[in-house]
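Engineer: This is a predicted model, with the sequence first.
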Amino acid sequence: MDDFGKLAWQELEARRAAKRQLFWLHFTIWALVGVLLFVIWLLATPHAMPWFLIPIFAWAILLGGHAAYVFILHSPQEILVARQRDAEKERKP
Amino acid sequence: MGRIFGKGELPKALLVVIATLGEGHGYAIMQALKERVGGRWQPSPGAIYPALLALEERGLLAAEERDGSRVYRLTDVGAAALAEESAGASWASLSARAETAPRRVTLTKLVRDFQADLPVHATALSAEQALRVRDALTMAARQIRELLSQRETDRDEGETNG
């Protein structure tokens, strides 16, 4: 991969790193809100059904979608550059 | 910087630029595109390189390795595709969009542009050249640091006065 390709790869990697950071921020907020709701339930209505699980599970579905977007899905640009990188690595071991 | 290119406009613009250049490596193509669009638009390798690869995959461009760089040129298919399109018509609207796009410049972006403007990227330097280049870069880094610290001081003074 030439210098230009390397720069493109670094830029795409930086974008992915930023996406990962945003996901972990999302995860932290989800966890903190979960703990907060649990504490509220424990202090206010400990004998009632654990209602805090409903918003936490609903949010967890969205969080799962966010995780898939960040860790599994790749943009067409990332796929093209990664494929080129792999092809060149194979040619020059 | 907002999006300047609509769907399918970047590949078309790249074909026009490469047709004008005859052939060129990524930096040269990016620089030519920047000059052609004008305005405040700052192209990035992360957008241009994948677009070049996609055009190559579609057979519109051919690339060959030369002095450690990939040099791109139009293929016959690419030239035919370009002839079919009225690609030149969109430059005015691209320039207008680039002119009105909100400005967001970072130091990283400016350094990347600087790197893109360097004539040859993979050339080995002699000891003396390396020394002089290092001196020039050290001086530039010092000036940038001074400039940024000056801006911080101005901001602090502004807050104190305001």
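Structural biologist: In hand now; what should we look at? Numbers count the residues shown, from 1 in each chain, chains lettered A, B, ... in the order given.
Engineer: which residue ranges form the helices in chain A?
Structural biologist: Assigned by DSSP state H, the helices in chain A fall at A:3-44, A:53-67, A:76-91.
Engineer: for the chain, where's the lowest mean pLDDT among helices and strands?
Structural biologist: Looking at chain A here, since you left the chain open. helix A:76-91 (a mean of 88; mean pLDDT, DSSP states H and E).
Engineer: my question was about chain B
Structural biologist: Lowest mean confidence among the helices and strands of chain B (mean pLDDT, DSSP H and E): helix B:91-100, at a mean of 65.
Engineer: List the buried residues for whichever helix in chain B runs longest?
Structural biologist: Assignment by DSSP H gives helix B:127-161 as the longest helix of chain B. Of the residues in helix B:127-161, none count as buried by neighbour count, 16 or more other Cβ atoms under 10 Å in any protein chain shown. Any C-beta I mention is one placed from the backbone N, CA and C, and that applies to glycine too.
Engineer: Residue numbers of chain B in contact with chain A?
Structural biologist: B:25-27, B:30, B:44-51, B:53-54, B:57, B:65, B:68-70, B:112, B:115, B:121-122 (Cβ under 8 Å from any Cβ of the partner chain).
Engineer: Drop anything exposed from those.
Structural biologist: For the residues of chain B next to chain A, buried by 16+ other Cβ under 10 Å: B:25-27, B:30, B:44-51, B:53-54, B:69-70, B:112, B:121.
Engineer: So which of those are in strands?
Structural biologist: Of those, the ones assigned to strands by DSSP state E are B:His25, B:Ser69, B:Arg70.
Engineer: Identify, from those, the entry nearest to A:Gln21.
Structural biologist: Ranked by distance to A:Gln21 (Cβ to Cβ), these are led by B:Arg70 at 31.4 Å.
Engineer: pLDDT at the closest one, what is it?
Structural biologist: We have a pLDDT of 89 for B:Arg70.
Engineer: What does the pLDDT read for B:Val133?
Structural biologist: B:Val133 carries a pLDDT value of 87.
Engineer: Next: A:Ala58.
Structural biologist: 97.
Engineer: How about B:Gly162?
Structural biologist: According to the model, B:Gly162 carries a pLDDT of 51.
Engineer: where does chain A come near chain B, residue by residue?
Structural biologist: Residues of chain A lying close to chain B (Cβ under 8 Å from any Cβ) are A:2-5, A:7-8, A:11-12, A:15, A:76-78, A:80-81, A:83-84.
Engineer: low-confidence ranges in chain A?
Structural biologist: Along chain A, segments meeting pLDDT under 70 span A:92-93.
Engineer: give me that answer again for 90
Structural biologist: Applying pLDDT under 90 to chain A flags the ranges A:1-5, A:46, A:84-93.
Engineer: and what of chain B?
Structural biologist: Of all residues in chain B, those with pLDDT under 90 make up the ranges B:1-13, B:15-17, B:19-21, B:23, B:31-44, B:65-70, B:78-131, B:133, B:141, B:143-162.
Engineer: quick one on the thing from earlier: show me the contact partners of the least confident helix or strand of chain A.
Structural biologist: With Cβ atoms under 8 Å, 6 or more residues apart in numbering or on different chains as the contact definition, helix A:76-91 has outside contacts at A:1, A:5, A:8-9, A:12, A:16, A:74, B:46-47, B:49-51, B:53-54, B:57.
Engineer: and the angle for it with helix A:3-44?
Structural biologist: Computed by axes from the mean of the first three to the mean of the last three Cα atoms, to 10 degrees, the angle separating helix A:76-91 from helix A:3-44 equals 120 degrees.
Engineer: If you count neighbours, what's buried in helix A:76-91?
Structural biologist: Buried residues in helix A:76-91 (16+ other Cβ under 10 Å): A:Gln77, A:Glu78, A:Leu80, A:Val81, A:Gln84.
Engineer: Return the distance of that helix from the chain's centre.
Structural biologist: Computed by Cα atoms, centre = their mean, to the nearest Å, the separation of helix A:76-91 from the middle of its chain amounts to 23 Å.
Engineer: All set, thanks.
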